[in-house]
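**Student:** got a sequence here, can you build the structure:
(chains A and B)
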There are 2 protein chains.
Amino acid sequence: MLKHQEIAKAIATYIDKNSLSQGDKLPCLSDLVESYQVSKNTMIQSLKNLENSGLIYQVQGSGIFVRKPHRANYLPLSDTIEGFSTNFREEKFSSRLLDFDTIAATQEVATHLNVSLGDKVYYVRRLHFMDNAPFCIEESYFNTSAVTYLNSEIAEKSIFSYLREHLNLSIGFSDKYLHARILPDSLGELLELPTGSPALLAEEIYYLTNGVAFDYSRTYYHYLNAQFLMQATHK
Amino acid sequence: MLKHQEIAKAIATYIDKNSLSQGDKLPCLSDLVESYQVSKNTMIQSLKNLENSGLIYQVQGSGIFVRKPHRANYLPLSDTIEGFSTNFREEKFSSRLLDFDTIAATQEVATHLNVSLGDKVYYVRRLHFMDNAPFCIEESYFNTSAVTYLNSEIAEKSIFSYLREHLNLSIGFSDKYLHARILPDSLGELLELPTGSPALLAEEIYYLTNGVAFDYSRTYYHYLNAQFLMQATHK
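**Tutor:** Numbering: from 1, shown residues only, chains lettered A, B, ... in the order given. All right, here's what the predicted structure looks like:
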């Protein structure tokens, strides 16, 4: 972790531990420089980081203030960019493996993973829980030319951690397509929702840093248990 | 516009005009430096911008490649951060003003705008179209201590442009809360959707750079005409 990231993290922890709320004023730049014992440039960079993450806002000539959205129980949309288990705190999050298989790619899967129709892909279906409440159902297809090995034991835990740590894959970027949909009847029982409930459907394609698509996923979110927050800074 | 932003824009235009697709290779750094006649540092910054906007990806030791999501007709979620008319091309976008009024803030509105219950707020309800198809219904409440004047003529066009250009307001940041919901019956006819259709509901609070909340909006999106794309770069 770079110095300015380290300092940004320390300030974020300070805001959290002291339960500061939106509009609370932080010490001025020179005081921060002194308390954290870093250069002015590093501190400016740390503050820029915190601003981009939606944790503070800076008012020219007036000071540095805490930014904190009104509502709890909304997940930052940015936390979902790598699926769940990698970003959410383990104590809140759990999963149940519903299906694990090796299947032949359908046309849709082949298109998204840039493989041939009928090519072998890993298929994983999981039900995720947050605080023991059903959160989402995630269906994933893995390109076997990138994800060379996978089994049900691994799929019960964080697949992305396994890809990074054991297969040494370098995850580069992703495209996420978001839609509102009616929940398919077949998923109602698992999510404990009545027929005709709305759902947020996210389709995601994940690429390695070399541009190879390795994961195509379709996730249906429980419309009451999964709500998202997106913080933006305007120019 | 800074030099590196200008160059990033020129490269984006180049990608667009030449209909390049995902994986197409761009010239190497030194060739780009030469063709655009900028310093190496400026070009590195421009490429970083393009990478963050999801337009290219860089593979160490291999080159710079075009990134282009598979699906058209998805709107970048980042384009919606200031409502519609400011970001979308005018020829594709139109609006119809449904209601304009000055009303007393309800408890919900008062909480979000940080005003007192019963304080005067501007109320605007608009139906937005994309390519002449219903796109969303947006209901907005404006804090009159920040938005000191508004009328129905202004509300027929881009309110944000008016706030910037005429009231000289400086828009700082926003919180967007996203949910899947059943479309309220009262909105079905306007969006030309049957009862019980799903909808994406976005609640947004916009703040000035000084931290004052000036706009609280609730927007219901047509679930088939409004679909969103979020591109992420992983670390």
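
**Student:** what's the average pLDDT for the helix or strand hosting A:Glu189?
**Tutor:** According to DSSP states H and E, A:Glu189 maps onto helix A:185-191. For helix A:185-191, mean pLDDT is 97.

**Student:** would you mark the buried spots in that helix?
**Tutor:** A:Leu187, A:Leu190, A:Leu191 (16 or more other CB atoms under 10 Å in any protein chain shown). C-betas here are computed from N, CA, C, even on glycine.

**Student:** which among these are in contact with chain B?
**Tutor:** When CB under 8 Å from any CB of the partner chain is taken as the criterion, no member of the buried residues of helix A:185-191 contacts chain B.

**Student:** return the member of these nearest to B:Tyr223.
**Tutor:** A:Leu187 (17.0 Å; CB to CB).

**Student:** quick one: the next helix or strand along the chain from the helix holding A:Glu189 to strand B:198-208, angle?
**Tutor:** Note on helix A:185-191: by DSSP H and E, the next helix or strand toward the C-terminus is strand A:198-208. Regarding strand A:198-208 and strand B:198-208, their directions subtend 70 degrees when assessed with axes from the mean of the first three to the mean of the last three CA atoms, to 10 degrees.

**Student:** give the pairing partners of strand A:198-208; include direction for each.
**Tutor:** Using DSSP bridges, the strands paired with strand A:198-208 are strand A:171-182 (antiparallel), strand A:213-222 (antiparallel).

**Student:** now do that strand, average pLDDT.
**Tutor:** Summarised as a single mean, pLDDT over strand A:198-208 is 96.

**Student:** tell me how far the closest residue to chain B within chain A lies from A:Phe160.
**Tutor:** Here chain A gets closest to chain B at one residue, A:Pro198, 3.7 Å apart by CB to the nearest CB. Going from A:Pro198 to A:Phe160 by CB to CB, to the nearest Å gives 28 Å.

**Student:** partner strands of the helix or strand of chain A with the lowest mean pLDDT, parallel or antiparallel?
**Tutor:** Within chain A, confidence by mean pLDDT, DSSP states H and E is lowest for strand A:75-76 among all helices and strands, at a mean of 83. Strand A:75-76 sits in its sheet next to strand A:228-233 (parallel), going by DSSP bridges.

**Student:** average pLDDT for the partner strand?
**Tutor:** 87.

**Student:** before we move on, which element is the residue in chain A sticking out farthest from the centre in?
**Tutor:** When each C-alpha in chain A is compared with the mean C-alpha position (CA atoms, centre = their mean), A:Gly61 comes out farthest, at 35.4 Å. If you go by DSSP H and E, A:Gly61 is not part of any helix or strand.

**Student:** how about stretch A:20-30 against chain B, any contact?
**Tutor:** Yes - counting by CB under 8 Å from any CB, chain B is contacted by stretch A:20-30 at A:Gln22, A:Gly23.

**Student:** hey, C-alpha coordinates of the helix holding A:Glu189 in PDB?
**Tutor:** Output of helix A:185-191 as PDB, limited to C-alpha atoms (Å, rounded to 0.1, in the frame of the first residue of the first chain):
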ATOM      1  CA  ASP A 185     -40.600 -18.000 -10.600                       C
ATOM      2  CA  SER A 186     -37.900 -20.600 -10.100                       C
ATOM      3  CA  LEU A 187     -35.900 -18.300  -7.800                       C
ATOM      4  CA  GLY A 188     -38.700 -17.100  -5.600                       C
ATOM      5  CA  GLU A 189     -38.500 -19.900  -3.100                       C
ATOM      6  CA  LEU A 190     -34.700 -19.600  -2.600                       C
ATOM      7  CA  LEU A 191     -34.900 -15.900  -2.100                       C
END
